[in-house]
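Student: Pasting a predicted model and its sequence here:
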Amino acid sequence: MKKIAILGSTGSIGTQTLDVVRSNSDCQAVALAAGSNVIKMEEQIREFHPSLVAMWTEEAASDLRTRIADLDVKVVSGMEGLLEVAAVPQSEVLVTAIVGMIGIKPTIAAIEAGKDIALANKETLVTAGHIIMPLARECGAAILPVDSEHSAIFQSMSVDGRVSAEKAAAEQVCAGGTGKKACIEKILLTASGGPFRGRTRQQLADIRVEDALRHPNWSMGPKVTIDSSTLVNKGLEVMEAKWLFGVELDKIQVVVHPQSIIHSAVQYTDGAIIAQMGIPDMKLPIQYALFYPERRYLGGKRVDLFELGQLTFERPDTKVFPGLALAYRAAETGGSMPTVFNAANEKAVALFLEGKIPYLGIGELIEKAMDQHHLIANPTVEDILAVEQQTYEYMQEGLSCK
């Protein structure tokens, strides 16, 4: 029986993870955590029977306790609750489907408790990759990507046995190679281009929230959907790939592929490109991470190459969508700058969703926050969380002064 814990069980990735659990009788969700969606959590508890559940606020936890008073389930709250779920003794794998830097401490707790990590929380590696990856190596924890693109890269490496993404990359060594990852010439990280691909900045000036939430290919939560439209999401994925696979930034190339059939690829030094293809469906990378290296049946539509007809590719337009260029700048600077990039984007997206800033204001606010930041070269977890809060405050003060 594969026993898992899920952070963010009521969100998009969390609910799709439970779809996978539902379809596999030898998989059990032993612990769940969510923000404030008490009604959805109650439904999940009654169907999946976890022994431990965490809600972010004590108010939500108290409400949930009342609703499930007839069940023998422990309900906890806050960061302490998340840490308890992350390290629950019964689980083997922690699925980090929670959004934001709130996922860093629980991921560390899970690694230290000997859990493998099915990683769907970009921010953990974007802001704390220099802490997470060495700790995972030290503790022997496998970091298994759940993001569609990183899963595709992982699958394109075809390593037998349950190993981390970093170890899979390290084993791609050519005969006569010069060392670690000598065979990998380039990672080709695909992007759909989002709903505004091909538009000019002038055409983006009056974009409404409902327009930005209309992704052409993927079903995701509001924040990630907005990030996809600005290409910030792809920038975060570039930073994540750097840490996951231990490659330099100049070996990660973003390729706009509107059909979202090739989910990403690896180009090797002999010229071969190995790619993973499939219908856009997050359940595939989720299931692959949970049961890797085993491949299991997954229902749903298949790619029909005759029906598809053609696949197209374009260079990303970083002038119209500056979020990607800013992400590369943050990654190249390193230290605490990726935290500023991420925190500024989180706040800017929230402000856009609330109707307080225009769509193009997202990139503008990120750049301003990065320009004013005093770099910390090797930040601790406490430094990262402090920089996050300082960035939030800077952006709120700037908005108040307008």
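Tutor: Thanks, I have the structure now.
Student: Confirm Leu32 sits in a helix?
Tutor: No: if the criterion is DSSP: H, G, I helix; E, B strand; the rest coil, then Leu32 is strand and not within a helix.
Student: Quick one: neighbours of Phe313, just the number.
Tutor: Neighbouring residues of Phe313 were enumerated by other CB atoms under 10 Å; the total is 12. (Each C-beta comes from the backbone N, C-alpha and C, glycine too.)
Student: Now do the same contact list for it.
Tutor: For Phe313, the contact set (CB atoms under 8 Å, 6 or more residues apart in numbering) comprises 255-257.
Student: Equivalent analysis for Val303, please.
Tutor: Counting by CB under 8 Å, 6+ apart, Val303 touches 261, 277-279.
Student: Mind checking which of the residues you listed are in strands?
Tutor: The strands, defined by DSSP state E, take in Met277 from those.
Student: Output the contacts of Val303 as JSON lines; include the columns pLDDT, distance to Ile187 and neighbour count.
Tutor: What follows is the contacts of Val303, written out as JSON lines (pLDDT from 0 to 100; distance: CB to CB, whole Å; neighbours: other CB atoms under 10 Å):
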{"residue": "Ile261", "pLDDT": "96", "distance to Ile187": "18", "neighbour count": "18"}
{"residue": "Met277", "pLDDT": "97", "distance to Ile187": "16", "neighbour count": "15"}
{"residue": "Gly278", "pLDDT": "96", "distance to Ile187": "18", "neighbour count": "19"}
{"residue": "Ile279", "pLDDT": "94", "distance to Ile187": "22", "neighbour count": "14"}
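Student: so which two of the contacts of Val303 are the farthest from each other?
Tutor: Spatially, the most separated pair among the contacts of Val303 is Met277 and Ile279, at 8.9 Å (CB to CB).
Student: overlap in contacts of these two?
Tutor: Between them, Met277 and Ile279 share these contacting residues under CB under 8 Å, 6+ apart: 261, 303.
Student: on that earlier part again, ok, and the most crowded of the contacts of Phe313?
Tutor: For those, neighbours tallied by other CB under 10 Å; top is His257, 23 neighbours.
Student: which non-adjacent residue is nearest that one?
Tutor: Closest residue to His257 apart from its sequence neighbours, by CB to CB, 6 or more residues apart in numbering: Thr190 at 4.3 Å.
Student: Is that neighbour in a helix, a strand, or coil?
Tutor: Each residue gets one of three states, and Thr190 gets strand by three-state DSSP.
Student: show me what contacts it?
Tutor: Counted by CB under 8 Å, 6+ apart, Thr190 has contacts 149, 152, 254-257, 260, 262-265.
Student: again, only this time at 7 Å
Tutor: By CB atoms under 7 Å, 6 or more residues apart in numbering, the contact set of Thr190 is 149, 255, 257, 262-264.
Student: could I get the residues you listed as JSON lines with distance to Thr10, pLDDT and secondary structure?
Tutor: JSON lines is the format used below for those (distance: CB to CB, whole Å; pLDDT from 0 to 100; DSSP: H, G, I helix; E, B strand; the rest coil):
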{"residue": "Glu149", "distance to Thr10": "24", "pLDDT": "96", "secondary structure": "helix"}
{"residue": "Val255", "distance to Thr10": "33", "pLDDT": "98", "secondary structure": "strand"}
{"residue": "His257", "distance to Thr10": "31", "pLDDT": "97", "secondary structure": "coil"}
{"residue": "Ile262", "distance to Thr10": "31", "pLDDT": "97", "secondary structure": "strand"}
{"residue": "His263", "distance to Thr10": "25", "pLDDT": "97", "secondary structure": "strand"}
{"residue": "Ser264", "distance to Thr10": "28", "pLDDT": "98", "secondary structure": "strand"}
